[in-house]
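Student: 3D model of this:
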Amino acid sequence: MHATLQRVNPLRSEPVLAARAAVRRLALAVGWVVIAALIAIGAAGVVAATDHPAGINTRPELTWAGDQAAKPALDAATVELAQLSNAVDGLASTARRSLTDIVGGDVQALSDTIDAGTAQVTEVKTQTAQLTAALASVPGVGDAASLQLSPGVIDRYDALASTQGLTDGLETDWLAFTGRAVGAARLTGLLTRHDQETAAAAKAGAAGHYQRALTLLDAPDATLAEALQLRDDLASSTDVSTLTEWLNRNAAYDAALRTLYQSLVDANGRVTNGVRKAFAEEATARDQLPADTRGLVVIMGDVARGGLNQAVISIEQARGALATALDVQQQYQDPGTETP
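Tutor: Next comes the predicted model:
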């Protein structure tokens with residue numbers, strides 16, 4: 001029996017088939033790697049296109065229209081801010097001038113200064129309202145905003161909006177200041193006038209005009225009575241202990257002078273035991289008087305701590321905050337200045 005011979009196809013041999021399968025698997029693996037890489041690169045491109053860092057120059061084509069609409073309104077609001085800052089500057093200057101009038105005891109000058117300041121307070125209120133209206137008219141901000149704004153424009157608006165409320169309470173502070181300022185100026189004037197009136201009486205007494213000296217002492221008595229009434233008005237909000245001591249010592253000296261001159265009138269100018277006693281009491285009372293005007297400085301310091309200084313400080317704080325805010329806006333407007 002003859003064996004049947006079969007032709008063997010070399011392309012279909014097992015080694016060849018195994019090699020082809022290995023190549024096919026390798027090609028598929030390489031293909032999937034390439035596809036995965038392409039997908040990753042494409043995804044990265046999408047992310048890069050949609051995930052820009054925040055900044056003024058980010059996608060300006062999306063915010064250009066909103067920025068162009070908002071900037072003129074922001075410039076107009078900055079003008080209102082400058083006018084408000086100027087108004088508060090004027091009020092601060094007037095408040096400082098008022099303190100000078102108080103120390104000088106010039107009630108009329110103080111009254112004129114207060115009138116000027118009251119007009120400035122009205123101007124501050126007007127400018128505050130105009131700034132608020134200007135901010136409300138800026139397009140692209142607020143709940144109903146439809147325009148897109150760049151972060152830089154939004155920051156500029158926020159900086160402007162932060163100035164709202166800086167002048168709140170200034171009118172109340174000014175009214176409190178003026179009420180106390182008039183009282184303080186009157187007090188300074190009364191204390192100064194009392195010293196002058198008592199000195200005039202003492203001069204007449206030293207010249208031997210005792211009856212005239214007694215008549216002249218009526219004036220400082222009336223002045224002290226007025227100062228005591230003012231002291232009582234200030235007592236609710238001011239430490240009046242130094243003022244009370246000053247008034248008591250001067251009242252004691254006035255009384256000692258009156259006793260001395262009356263004793264001399266009664267003795268017809270002769271030196272009697274009563275006159276000697278009156279001289280001794282006058283000397284003791286004179287030794288108790290302040291040696292200089294430092295007592296008045298302390299008294300005015302007490303009155304100032306009662307509210308005058310605080311009112312001036314509040315005005316100065318508002319002035320400084322507005323000036324700083326205006327500087328920030330000028331930096332936004334100046335292309336040569338780096339925006340904060």
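
Student: what are the buried residues along stretch 77-84?
Tutor: Using 16 or more other CB atoms under 10 Å as the test for burial, stretch 77-84 gives 77-78, 80-82, 84. In short, each C-beta sits where N, CA and C put it, glycine included.

Student: what is the mean pLDDT for that stretch?
Tutor: If you average the pLDDT over stretch 77-84, you get 95.

Student: what does it rub up against?
Tutor: Residues from elsewhere that reach stretch 77-84 (CB atoms under 8 Å, 6 or more residues apart in numbering): 124, 127-128, 130-131, 134-135, 138, 160, 163, 167, 322, 325-326, 329-330, 333.

Student: now restrict these to buried residues only.
Tutor: The buried subset of the contacts of stretch 77-84 (16+ other CB under 10 Å) comprises 124, 127-128, 130-131, 134-135, 138, 160, 163, 167, 322, 325-326, 329.

Student: tell me which two in those residues are the farthest apart.
Tutor: By the measure CB to CB, Val124 and Val138 form the most distant pair in these, at 22.0 Å.

Student: pick the one among the buried ones among the contacts of stretch 77-84 closest to Gln211.
Tutor: The closest of the buried ones among the contacts of stretch 77-84 to Gln211 turns out to be Val124 (CB to CB; 57.6 Å).

Student: and the pLDDT at the closest one?
Tutor: pLDDT, Val124: 95.

Student: show me what the strand or helix carrying it is packed up against.
Tutor: Counting by DSSP states H and E, the element that carries Val124 is helix 107-136. With contacts taken as 3 or more CB pairs under 8 Å, 6 or more residues apart in numbering; DSSP states H and E, helix 107-136 sits against helix 60-104, helix 151-161, helix 170-206.

Student: in that helix, which residues are buried?
Tutor: Of the residues in helix 107-136, those buried (16+ other CB under 10 Å) are 107, 109-110, 113-114, 117, 120-121, 123-124, 127-128, 130-132, 134-135.

Student: do stretch 230-245 as well
Tutor: Neighbour counts using 16+ other CB under 10 Å place 230-231, 234, 238, 240, 242-243 of stretch 230-245 among the buried residues.

Student: settle this for me: Gln148 is touching Leu62, isn't it.
Tutor: Yes - Gln148 lies in contact with Leu62 (CB atoms under 8 Å); the separation is 5.6 Å.

Student: quick one: low-confidence residue ranges for the stretch 151-300 of the chain.
Tutor: Low-confidence segments of the stretch 151-300 of the chain (pLDDT under 70): 292-294, 296-297.

Student: and the protein, what are its domains?
Tutor: 60-173+310-333, 183-306 (automatic domain parsing).

Student: and the next helix or strand past the helix or strand encompassing Leu230?
Tutor: Assigned by DSSP H and E, Leu230 belongs to helix 218-234. Next in sequence after helix 218-234, counting helices and strands by DSSP H and E, comes helix 241-266.

Student: circling back: tell me what angle the helix holding Leu230 forms with helix 241-266.
Tutor: Here the directions of helix 218-234 and helix 241-266 differ by 160 degrees (axes from the mean of the first three to the mean of the last three CA atoms, to 10 degrees).

Student: list the contacts of helix 218-234.
Tutor: Under CB under 8 Å, 6+ apart, the answer for helix 218-234 is 180, 183, 186-187, 190-191, 193-194, 197-198, 200-201, 240, 243-244, 247, 250-251, 254, 303, 306.

Student: just the buried ones out of these, please.
Tutor: Neighbour counting by 16+ other CB under 10 Å classes 180, 183, 186-187, 190-191, 193-194, 197-198, 200-201, 240, 243, 247, 250-251, 254, 303, 306 among those as buried.

Student: name the nearest residue to Asp106, ignoring sequence neighbours.
Tutor: Once flanking residues are discounted, Asp106 sits nearest to Ala185: 6.8 Å by CB to CB, 6 or more residues apart in numbering.

Student: surely that neighbour is in contact with Leu99?
Tutor: No - look at Ala185 against Leu99 with CB under 8 Å: they stay out of range, at 9.9 Å.
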